[in-house]
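Novice: Need a 3D model of the sequence below.
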Amino acid sequence: LVSGISRSDTYAGYLNSHADAARPKRDIVINAKDYASLSEDGNGVTPETVIQEFQGEQDVLVWSNHGGVINYEFEVSETGLYNLELFYYTVSGENTVIEMAMQLDGEYPFSAAKTFTLDRYWKDEAPIGKDGRDNDVRPGQTEHDMWVTYPIKDKEGLFNDPYFFYLEAGKHTLTITGIKCNIGLKTITFKNYDDVAQYVPPSQSELESTPALTDENFMGTHTVFVQAENNLYKTASTLYATTDRTECLVSPSHPTKQRYNTVGKDTWDKATQAITWEFNVPNDGFYTFNFKARQNTMRGFFANRRVYIDGVVPNAYYDDVMFPYNNNWYNQGVKDENGNDVYVYLTAGKHTITMEAIPGDIGEIMQRLDDVVYELNYFYRRILMITGPEPDEYTDYYVDTAIPNLLGEFQRLMDTLYEEKANIEKLGVGSEASTLETMAIVLERCIDEPDDIPVTAGTLKDYISSLSAWMRDYRDQPLELDYIEVHTVHEE
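Specialist: Next comes the predicted model:
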């Protein structure tokens, strides 16, 4: 509760109210087949479900009509915060996403629980082809149905970690309302994940004992070379191959013919969007990764990617790999604070690498700015209630006294804007945060000349809209990728 402005329905408020709660390591597994009841949703739809063997798993609840309500009962032995993980199979259908709402004990724990979006996967329906003039032909996208272990996440670009849910010891109910639910559901699990492992650098002798790579790739180097446009699967049908002709070193390239040679251009920018590639290493040993990338959209900001190897973040350095703004292509390795390569131990054979867009350090700043925009809109509406949409410039409305502590609240919000601008500058990306300063200056004018607030309310609203638009744009995480190289200590 902030000055009478309730934000208790936000996830940030919900999490803050339970910040001191334990995070138990005991899993609470609910088998999807063991529902307590089925019921109609608000549209009068009852779930169409069947329990059967499905895609190699026994006792799967196959939900085929998207809508309806499924109710579960479960018991918690230890009070605390838990993540929520679903194990489900994506089923091809008319929807590009899977959506559902979730209530605990008959209530939404926070507003985002009214619509959770689960990942559905896509792949190229064929390799990149050629037309009669030797130009590349981009393949279409087709759904890639698979079993998915998915922790419920924020897709708005504010939180890096999966959502937490507070559960007290005792009996509870979980209500799932289908919105776009064409899935096979196996289990629903409340759990807490282990912390990402801290990096323990291998010794120089361990690095040297990993055999050097000997096979030469088509670039003439001895690295394991993965073309970014040739991926295994991705979480959005828009993550298709793209093309860049700004320099000849983009691979592959041709001076006159079109080549689809990158991925992510203008499309890989939303939180939790992920792309997975497959690669092979010939020997057991320690390997590191290099990404040829470009982030030329968000001037002054980083794009952030969480990197998984075989579905696991190997250490804290891979939890947030930062790609700075640059108009040109560049090579970005995974480095420690001293600029040293960070290695991962791999066994000989096939592996996967997944890169997932996350907010990174800017996420927490955006959370706080989200509250600022909410409060500014609240006070604007309060002013409008007093003055009307077209205030008379000759009338004294005394809004600074009619709205309790209005100037004090404006001062607090102004200070917060300057503080968050400083926090952005600490990240080394302050030049593009001038919108925050502009909004703070408008508030300062209101504080200095409170009698002018009614006639400048329209200007206030315009700058609130500008700040809100800036936040929408700058919570994006755009990245374009040319290729990935996997190598040992022996390769350049």
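Novice: For stretch 269-287, give the mean pLDDT please.
Specialist: Averaging the model's pLDDT scores along stretch 269-287 yields 97.
Novice: Can you point out the buried residues in that stretch?
Specialist: Buried residues in stretch 269-287, counting neighbours by 16 or more other C-beta atoms under 10 Å, are found at 269-277, 279, 281, 285-287. All C-beta atoms are positioned from the backbone trio N, CA, C, and that covers glycine.
Novice: do stretch 37-48 as well
Specialist: So, applying 16+ other C-beta under 10 Å, buried residues of stretch 37-48: 41, 45, 47.
Novice: and those as CSV, adding secondary structure, pLDDT and distance to residue 449?
Specialist: Shown next, in CSV, are the buried residues of stretch 37-48 (DSSP: H, G, I helix; E, B strand; the rest coil; pLDDT from 0 to 100; distance: C-beta to C-beta, whole Å):
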residue, secondary structure, pLDDT, distance to residue 449
41, coil, 94, 53
45, coil, 94, 56
47, coil, 95, 59
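Novice: shaky segments in the stretch 1-150 of the chain?
Specialist: 1-8, 94-95 (pLDDT under 70).
Novice: Kindly recompute the last result at 50.
Specialist: 1-4 (pLDDT under 50).
Novice: so where do the helices sit in it?
Specialist: Along the stretch 1-150 of the chain, the stretches classed as helices by DSSP state H, counting those that start in this stretch are 11-17.
Novice: I'd say residue 332 and residue 295 touch.
Specialist: No - counting by C-beta atoms under 8 Å, residue 332 stays clear of residue 295, with 9.3 Å between them.
Novice: For those two, work out which one has more neighbours and name it.
Specialist: residue 295 (24 against 20; other C-beta atoms under 10 Å).
Novice: now do the same end-to-end measure for stretch 120-140.
Specialist: 16 Å (C-alpha to C-alpha, to the nearest Å).
Novice: try stretch 57-72
Specialist: Start-to-end span of stretch 57-72 (C-alpha to C-alpha) is 21 Å.
Novice: now it, how far from the chain's geometric center?
Specialist: Offset of stretch 57-72 from its chain centre (C-alpha atoms, centre = their mean, to the nearest Å): 26 Å.
Novice: Give the buried residues for stretch 434-453.
Specialist: 435, 436, 439, 440, 442, 443, 446, 450, 453.
Novice: And the average pLDDT for it is what?
Specialist: Rounded mean pLDDT across stretch 434-453 is 94.
Novice: And residue 162, how far from residue 201?
Specialist: 29 Å (C-beta to C-beta, to the nearest Å).
Novice: more neighbours, those two?
Specialist: Each of residue 162 and residue 201 has its neighbours counted (other C-beta under 10 Å); residue 162 has more, 17 against 14.
Novice: what's the helix ranked longest in the chain packed up against?
Specialist: Counting by DSSP state H, the longest helix found in the chain is helix 362-387. Packing partners of helix 362-387 (3 or more C-beta pairs under 8 Å, 6 or more residues apart in numbering; DSSP states H and E): helix 11-17, helix 399-402, helix 406-426, helix 457-474.
Novice: how far out from the middle of the chain is it?
Specialist: 23 Å.
Novice: Same check on stretch 278-288?
Specialist: For stretch 278-288, the distance to the chain centre is 28 Å (C-alpha atoms, centre = their mean).
Novice: And stretch 471-488, by the same measure?
Specialist: 13 Å.
Novice: Note down every partner strand of the helix or strand hosting residue 357 and its orientation.
Specialist: Assigned by DSSP states H and E, residue 357 falls within strand 349-358. Here strand 349-358 is paired, per DSSP bridges, with strand 274-281 (antiparallel), strand 303-309 (antiparallel).
Novice: Out of those strands, flag the one nearest residue 173.
Specialist: strand 274-281 (32.0 Å; C-beta to C-beta).
Novice: So which elements touch the helix or strand that the closest one is followed by?
Specialist: Remark: after strand 274-281, the chain's next helix or strand is strand 285-294, criterion DSSP H and E. Secondary-structure packing of strand 285-294 (3+ C-beta pairs under 8 Å, 6+ apart): helix 204-209, strand 321-323, strand 330-333, strand 344-346, strand 480-487.
Novice: Comparing those, which comes out most buried?
Specialist: Sort those by mean neighbour count, taking mean count of other C-beta atoms under 10 Å, and strand 480-487 sits at the top with a mean of 24.
Novice: so that strand versus strand 349-358, what angle?
Specialist: 140 degrees (axes from the mean of the first three to the mean of the last three C-alpha atoms, to 10 degrees).
Novice: Strand 480-487 vs strand 285-294, what angle?
Specialist: Going by the same axes, to 10 degrees, strand 480-487 is angled at 160 degrees with respect to strand 285-294.
Novice: In terms of secondary structure, what does strand 480-487 contact?
Specialist: Judged by 3+ C-beta pairs under 8 Å, 6+ apart, strand 480-487 is in contact with strand 224-227, strand 262-263, strand 274-281, strand 285-294.
Novice: for the spatially most central residue of the chain, what are its contacts?
Specialist: Centroid-nearest residue in the chain: residue 271, 2.4 Å away (criterion: C-alpha atoms, centre = their mean). Listed by C-beta atoms under 8 Å, 6 or more residues apart in numbering, the contact partners of residue 271 are 153, 154, 155, 156, 157, 158, 357, 358, 359, 475, 477.
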